[in-house]
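Novice: Build me a model from this:
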Amino acid sequence: MGKKYFGTDGIRGAVGTYPITPDFVLKLGWAIGRVFAKQGGGKILIGKDTRNSGYMFESALEAGLTSAGIDINLLGPMPTPAVAYLTRTFQAQAGIVISASHNPYQDNGIKFFSGDGTKLPDDIELAIEDAMAEELTTVDSARIGKASRIVDASGRYIEFCKSTVPGNLRLNGLTIVVDCANGATYHIAPNVLRELGAKVIAIGAEPDGLNINRDCGSTHPQKLVDRVLAENADLGIAFDGDGDRVIMVDHKGEIVDGDELLFIIARYKLGKSATGQVKDQGIIGTVMTNLGLEIALGEMNIPFRRTKVGDRYVMSELLTRQWLYGGESSGHIICLDATSTGDGIVSALQVLSAMQVFSQPLHEIKQGMVKFPQTMINVRIASKDGLNDNQVIKAAVVSAEKELGKTGRVLLRPSGTEPVVRVMVEGENGDQVARLAQAIADVVTAEMQSDVA
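Specialist: Residues are numbered from 1 along each chain as shown. Got it, this is the predicted structure:
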């Protein structure tokens with residue numbers, strides 16, 4: 001059965017446009033409460049990022065959940081992976097995050113974690129959607145839930161992050177620029193790194209409710225690049241608005257994306273020289289993962305498999321194969337030996353730990369992977385209908401694939417969160433890749449009567 005509201009990562013959209021409205025979120029909180037009350041009740045945690053609409057939706061969820069008889073703990077601004085961790089440690093029934101991740105402040109969304117800190121299973125999401133169709137009622141006054149605030153949540157999470165790396169990790173002598181995207185890591189990430197000994201220069205750490213992800217963070221890394229070079233820093237780290245993505249910048253100002261970070265973690269954890277190497281392990285990427293990572297892993301005899309884009313699919317494949325490490329080019333990296341979900345801070349710490357073990361700066365430790373040139377163009381469309389059956393678009397793709405040969409690939413992927421088609425071309429020659437990507441994008445534009453974003 002298809003879902004009416006839930007996408008691959010909760011419910012997301014423009015604030016004030018259905019379903020991201022106060023009345024819908026109030027009813028959603030009540031529906032969640034109804035479902036979990038039937039499973040025995042218990043508390044639910046609520047965290048949020050720094051966008052100003054979070055206050056409104058936090059209040060709506062609080063009213064809905066308590067009216068269904070559920071107690072809640074409010075965490076305030078906290079990274080998404082922190083909510084997953086705290087849900088486990090507080091033995092809550094579920095955790096809720098009010099966030100639209102890397103989107104601008106005009107958007108917001110609701111994400112969910114189960115009691116074990118993983119995404120909600122499909123049957124629970126479907127049960128919540130079924131409850132949305134019922135009439136909202138309030139439990140007896142004596143059974144209305146209570147709300148309380150956890151005041152030491154950030155300190156608990158900081159200590160957890162530090163616990164995911166060896167106790168002998170010392171960042172003394174390193175100057176690190178940290179871009180918090182004016183989001184939920186602003187009061188967490190700089191402190192984690194400082195407590196491990198680094199000199200930290202924090203940028204994007206002054207959220208005002210409107211500047212989350214605005215020209216900063218992992219989706220806009222130029223400010224980080226400029227600051228790393230200006231400060232002569234050893235490296236830079238950038239998170240997205242809710243802290244589940246990370247990219248890094250080396251001392252030369254070169255961006256180190258999620259594929260390269262995953263290579264470093266694989267070399268550290270699974271390579272031949274890895275201490276306590278885990279047997280029968282591989283890496284999960286997506287259809288967007290750079291071919292260079294697949295080749296580099298093959299040279300280390302580390303298996304590699306691809307999934308559809310989305311951390312839900314990466315996680316599902318990891319659990320199926322009982323592997324520990326996977327991720328996306330965007331910097332959403334999962335290390336199941338450390339935590340239960342993608343975590344930008346934890347992933348960055350694994351890379352820093354690898355740098356210490358191999359006694360190499362970030363620029364050197366990434367050299368074992370050679371990225372293939374890759375161009376992606378977002379083509380804005382009014383509707384996805386007819387895209388897969390369009391013979392002109394198919395012919396353009398076939399022509400490009402023929403020209404690229406065996407050392408390149410083409411991918412057309414409708415976005416799950418925006419009205420765009422992502423045209424990706426990858427190959428050995430950067431000029432050829434860029435030319436073919438633009439040619440296909442022009443065909444998609446003409447055929448779908450759209451504008452290139």
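
Novice: So, low pLDDT: which residues of the stretch 301-450 of the chain?
Specialist: Residue ranges of the stretch 301-450 of the chain with pLDDT under 70: 416-417, 450.

Novice: would you list every one of the strands in it?
Specialist: Along the stretch 301-450 of the chain, the stretches classed as strands by DSSP state E, counting those that start in this stretch are 304-307, 325-327, 333-335, 374-380, 409-414, 420-426.

Novice: Of these, which is nearest Met315?
Specialist: strand 333-335 (6.2 Å; CB to CB). Yep, even glycine has a C-beta here, placed from its N, CA and C like the rest.

Novice: Show me what that closest one is packed up against.
Specialist: Contacts defined by 3 or more CB pairs under 8 Å, 6 or more residues apart in numbering; DSSP states H and E place strand 333-335 against helix 258-270, helix 311-321, strand 325-327, helix 344-358.

Novice: Could you report the pLDDT at Gln91?
Specialist: For Gln91, the pLDDT comes out at 96.

Novice: A helix includes it, no?
Specialist: No: with DSSP: H, G, I helix; E, B strand; the rest coil as the criterion, Gln91 is assigned coil and is not in a helix.

Novice: Now for it: which residues touch it?
Specialist: 42, 115 (CB atoms under 8 Å, 6 or more residues apart in numbering).

Novice: any idea which of the strands of the stretch 301-450 of the chain is most buried?
Specialist: Across the strands of the stretch 301-450 of the chain, the average number of neighbours (mean count of other CB atoms under 10 Å) peaks for strand 325-327, which reaches a mean of 29.

Novice: who touches it?
Specialist: Residues contacting strand 325-327 (CB under 8 Å, 6+ apart): 258-259, 261-262, 265-266, 269-270, 281, 283-285, 314-315, 317-318, 333-337, 342, 347.

Novice: Would you map the strands across the stretch 51-200 of the chain?
Specialist: According to DSSP E, counting those that start in this stretch, the strands that the stretch 51-200 of the chain contains are 72-77, 94-98, 107-114, 147-149, 175-179, 199-203.

Novice: Buried members of the contacts of strand 325-327 into ChimeraX, please.
Specialist: Per 16 or more other CB atoms under 10 Å, the buried members of the contacts of strand 325-327 correspond to this ChimeraX selection:
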select :258,259,261,262,265,266,269,270,281,283,284,285,314,315,317,318,333,334,335,336,342,347
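
Novice: wait, which of the helices and strands packed on strand 333-335 is closest to Ala238?
Specialist: Using CB to CB, the nearest of these to Ala238 is helix 344-358, at 8.7 Å.

Novice: Buried residues in the closest one, which are they?
Specialist: For helix 344-358, using 16+ other CB under 10 Å, the buried residues are 344-357.

Novice: Turn these into TSV, columns for distance to Gly69.
Specialist: Listed next are the buried residues of helix 344-358 as TSV, based on distance: CB to CB, whole Å:
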residue	distance to Gly69
Gly344	35
Ile345	35
Val346	35
Ser347	38
Ala348	40
Leu349	39
Gln350	41
Val351	44
Leu352	45
Ser353	44
Ala354	47
Met355	50
Gln356	50
Val357	50
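
Novice: which one of these is nearest Val444?
Specialist: Once CB to CB is applied, the member of those that ends up nearest Val444 is Gly344, at 32.1 Å.

Novice: how close does that closest one sit to Ile247?
Specialist: 9 Å (CB to CB, to the nearest Å).
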